[in-house]
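1. Generate a structure from the sequence data that follows.
(chains A and B)
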Amino acid sequence: MIRVLRSLAAAVTGQAISVFARFVTAPRAIWQGIEPVPGQRIYFANHSSNGDFVLLWTVLPPALRRQTRPVAALDYWLKSSLRAFIGREVFNAVLIDRRPESRREDPVTQMVEALDRGASLILFPEGQRNSTDAPLLPFKAGLYHLAAARPRVDLVPVWIANLNKVMPKGEVIPVPLICTLTFGAPLHLAPDEPKAAFLARMAAALLTLQDRLVDPP
Amino acid sequence: MIIPQLVWLFAAVAGMLILASILGEILRHRLSPNGSNALIETLNARISAWWAIMILLGLAFLAGNAGVVFLFALVSFAALREFLTITHYNRADHWSLLACFFVVLPLHYAFVLVEWYGMYAIVVPVYVFLLLPVLSALRGSTRNFLVRVAETQWALMICVYCVSHVPALLSLEIPGFEGRNMILIAYLVFVVQLSDVLQYVWGQFIGRTRIAPNLSRSKTWEGMVGGVLSATAAGTALWWMTPFSPLQAAGMCLLITLMGFLGSLVLSAIKRDRGVRDWGHLIGGHGGFLDRLDSVIFAAPIFFHVTRYFWSLT
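-> This is a model prediction of the structure:
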């Protein structure tokens, strides 16, 4: 009974978060290189705001949304019971520990397990929010290890534009502005491709999806 | 309260849309059975959007003055969201952008709702104009300061101030026309939007000479003259539901259709400058709210003030 209530509360909360995200950002998904059809994927995106995965999750069609799990930092999402509820039950996140010294489970193993259970993943390979002027921070190796472990899963780059302006770092109230999410063509690890070359190729593919619209003053 | 002339106008528009829908379905059946012809798909999406616009406007009318003011406040919100997405600003402007959405917009529409002309006529062009840049200045960033505050003020003038002159028509007091001001709104929106559609249709058939090739490939002199004149003719034929005589109605229609044309020209220039094709994506087939409303935005304040000056007691 309580489990039913919790999952009902999770569904309602998820819907409410999604409606709020739509109200503020009217997000527009541009399926440039791939269609929103079922299939196992790792969506990897630029990370400039805490709302990034919410927005990506929101623009996915409901059928895809149900099978897609964001990969998120355990130290952030287990800080309070509300966050834990949202992270675990609303978004069904794969919670990984970013601190090598204290972690009990290997993040790549956790992500591979999720893939093996049929989930798609949302991943931010920069590993942290980018508050610099550079469009992307250097990618962490996780994406490479994941691609090496499950080479047949599609790696889909997603450029999230404008969300950092909706809520710049340090601000509390979001300002309503339209955000676009551009989905690029799926990529895979080439045979014998070295780690650095692969990560550079992924970052370059993500950067080509950048919105050329507004050059901030 | 149901106004008979409004029922008549809505029935006429519904009739036109039914015809358009049937035509659209026939074209889809003949030319694009599996949705492959983008032009036909856009046409049908546009017709559906017109249905939605008509129904929403009708519901707002049924809900009374407050419903109409609320609907246009929402439209302003969506338009402002589109406009500010492509203007210049930086982190120091976060508070002023928040103020635009959550203080200026509700306050301005509250003045429209209580029909306080002395306030809604000046709150954006005077008070906000002077005070909003202060918020950005206090945050300290001077880089491109004038560009940032000027574009924000422009966004408010277009998306909040000008749009609000449509519901502001409700506050006019025209002798012998009491309780029927909603007709003015329906009349304005109908004539201006009809002119948009007819300019496009005339342009498709006889358009040759482009007016501003850099701005728009679809705006031609032939289309503009044909659309403006035929929409003016239609608007003149509806003079009996307005406070205007037939001649006055013709003059008024000519004025608002020309303003409408200029509005879409100016807003196209902004889009070209910023390198975007549409303002948004929420209105299927049309683009954004500003793509659909650009003409009404320029026509509404002029229609409001001319009607107010010559016909209204307030």
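2. all helices for chain A, in order.
-> A:2-25, A:52-59, A:62-67, A:74-77, A:81-85, A:107-116, A:142-149, A:163-166, A:195-207 (DSSP state H).
3. Turn these into TSV, including distance to residue B:299.
-> Yep, even glycine has a C-beta here, placed from its N, CA and C like the rest. Formatted as TSV, the helices of chain A follow (distance: least, Cβ to Cβ, whole Å):
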stretch	distance to residue B:299
helix A:2-25	29
helix A:52-59	35
helix A:62-67	41
helix A:74-77	51
helix A:81-85	49
helix A:107-116	56
helix A:142-149	53
helix A:163-166	32
helix A:195-207	43
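4. weakest of those in terms of mean pLDDT?
-> Per-stretch mean pLDDT for the helices of chain A is lowest at helix A:74-77 (a mean of 84).
5. Please export the C-alpha coordinates of it as PDB.
-> C-alpha atoms of helix A:74-77 as PDB (Å, rounded to 0.1, in the frame of the first residue of the first chain):
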ATOM      1  CA  LEU A  74      25.100  10.500  -4.900                       C
ATOM      2  CA  ASP A  75      26.700  13.100  -2.600                       C
ATOM      3  CA  TYR A  76      24.200  15.700  -4.000                       C
ATOM      4  CA  TRP A  77      21.100  13.600  -4.300                       C
END
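6. residue contacts, the closest residue to residue B:141 other than its chain neighbours?
-> Using Cβ to Cβ, 6 or more residues apart in numbering or on different chains and skipping residues adjacent in sequence, the residue nearest residue B:141 is residue B:92, 3.6 Å away. Under the criterion of Cβ atoms under 8 Å, 6 or more residues apart in numbering or on different chains, the neighbours of residue B:92 are B:136, B:139, B:140, B:141.
7. Residue A:7 now?
-> residue A:89.
8. do you know how far it is from residue A:92?
-> 10 Å (Cβ to Cβ, to the nearest Å).
9. now residue B:286
-> According to Cβ to Cβ, residue B:286 stands 37 Å off from residue A:92.
10. And the two? Which one has more around it.
-> Counted by other Cβ atoms under 10 Å in any protein chain shown, residue B:286 and residue A:92 do not tie: residue B:286 has more neighbours, with 21 against 18.
11. Report the separation between the nearest residue to residue B:9 once chain neighbours are set aside and residue B:100.
-> Closest residue to residue B:9 apart from its sequence neighbours, by Cβ to Cβ, 6+ apart: residue B:186 at 5.5 Å. Residue B:186 sits at a distance of 29 Å from residue B:100 (criterion: Cβ to Cβ).
12. Among those two, which residue is more densely surrounded?
-> Using other Cβ under 10 Å as the criterion, residue B:186 and residue B:100 rank with residue B:100 on top: 26 against 22.
13. That one should be in a helix, yeah?
-> Yes. Counting by DSSP: H, G, I helix; E, B strand; the rest coil, residue B:100 falls inside a helix.
14. and the residue lying closest to it once chain neighbours are set aside, how many neighbours does it have?
-> Counting by Cβ to Cβ, 6+ apart, residue B:156 is the residue found nearest to residue B:100 once chain neighbours are left out, at 5.9 Å. Using other Cβ under 10 Å, residue B:156 is surrounded by 25 other residues.
15. quick one: contacts for residue B:156?
-> Residue B:156 sits next to B:80, B:100, B:104, B:124, B:128, B:132 when contact means Cβ under 8 Å, 6+ apart.
16. How is it assigned, secondary-structure-wise?
-> Following three-state DSSP, residue B:156 is assigned to helix.
17. Check the gap between it and residue B:110 for me.
-> Residue B:156 is 15 Å from residue B:110, where distance means Cβ to Cβ.
18. contacting residues around residue B:10?
-> Residue B:10 sits next to B:54, B:58, B:186 when contact means Cβ under 8 Å, 6+ apart.
19. Who are the packing partners of the host helix or strand of residue B:304?
-> Under the criterion of DSSP states H and E, residue B:304 resides in helix B:289-311. Under the contact criterion of 3 or more Cβ pairs under 8 Å, 6 or more residues apart in numbering or on different chains; DSSP states H and E, helix B:289-311 touches helix B:65-85, helix B:163-164, helix B:182-206, helix B:246-274.
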